[in-house]
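In: Sequence and predicted structure below; questions after.
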Amino acid sequence: MRHGGDGVGSTEAAPGRDESPEERADRQWSELLQELRVVQTGVQILFGFLLTVAFQQRFPALSGGDRTLYTVTVVLGAAATGALVGPASLHRMLAGHRLKPETVVWASRLTVLGLVLLVCTMAAALLLVLRVAGAGTAATWIVTGMVVWFALAWFLLPLLARHRARERRVRR
């Protein structure tokens, strides 16, 4: 998988680094673990909160549509949790088999998938909360704005930075 530069999951050496593929994989694995520590805490708290909603007194009063939205939100939260915890399982199952570079690539892919699922979970949860709070049609616009914000901050900004760095390297 070629991401260019030194992004986790990249198979090419970073400019200015003198490391073997195994050393690079070890470094990238450590970096990925640090990133996952940040994300996993948030997703697990969000998922735990979502699981408690069905046991609240007001839950039976939700409309059928809101109950469906809740169900979709919980499933998305479970999927996000699975994808973001997946790299630990992947590492454990492949440890000792001399597959660290491949493990880093697949763990990186699971992490990005987990982030996409987390955005979806947060959007669905926000929509449910805003609907229950009575935000009406404004709820859809607020959620759309938040999804755009997450897309910009989590995906487009890093892609833009990577693109600009690649352009600078080409001009040299």
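Out: Happy to help now that I have it.

In: which element is Ala88 on?
Out: Assessed by DSSP states H and E, Ala88 sits inside helix 64-94.

In: what is the mean pLDDT for that helix?
Out: Computed over helix 64-94, the mean pLDDT rounds to 95.

In: any low-confidence regions in this protein?
Out: Applying pLDDT under 70 to the chain flags the ranges 1-16.

In: do you know how far the spatially most central residue of it is from Trp154?
Out: With distances taken as Cα atoms, centre = their mean, Leu115 lies nearest the centre of the chain, 1.4 Å away. As defined by Cβ to Cβ, to the nearest Å, Leu115 lies at a distance of 6 Å from Trp154. In short, each C-beta sits where N, CA and C put it, glycine included.

In: all strands of this protein, in order?
Out: Using DSSP state E, no strands are found in the chain.

In: For stretch 20-35, which residues meet the burial criterion?
Out: The neighbour-count check on stretch 20-35 (16 or more other Cβ atoms under 10 Å) flags Arg24, Ala25, Arg27, Gln28, Trp29, Leu32 as buried.

In: mind checking how far it is from the chain centre?
Out: 18 Å (Cα atoms, centre = their mean, to the nearest Å).

In: And stretch 138-152, by the same measure?
Out: 17 Å.

In: again, but for stretch 98-110
Out: 16 Å.

In: What about Thr73, how many residues nearby?
Out: 24 (other Cβ atoms under 10 Å).

In: in stretch 131-150, what's buried?
Out: Buried positions in stretch 131-150, judged by neighbour count with 16+ other Cβ under 10 Å: Arg131, Val132, Ala135, Ala139, Val143, Met146, Val147, Phe150.

In: I figured the second one hits Gly65, correct?
Out: The reference is to Val132. No: contact between Val132 and Gly65 fails when scored by Cβ atoms under 8 Å: they sit 11.2 Å apart.
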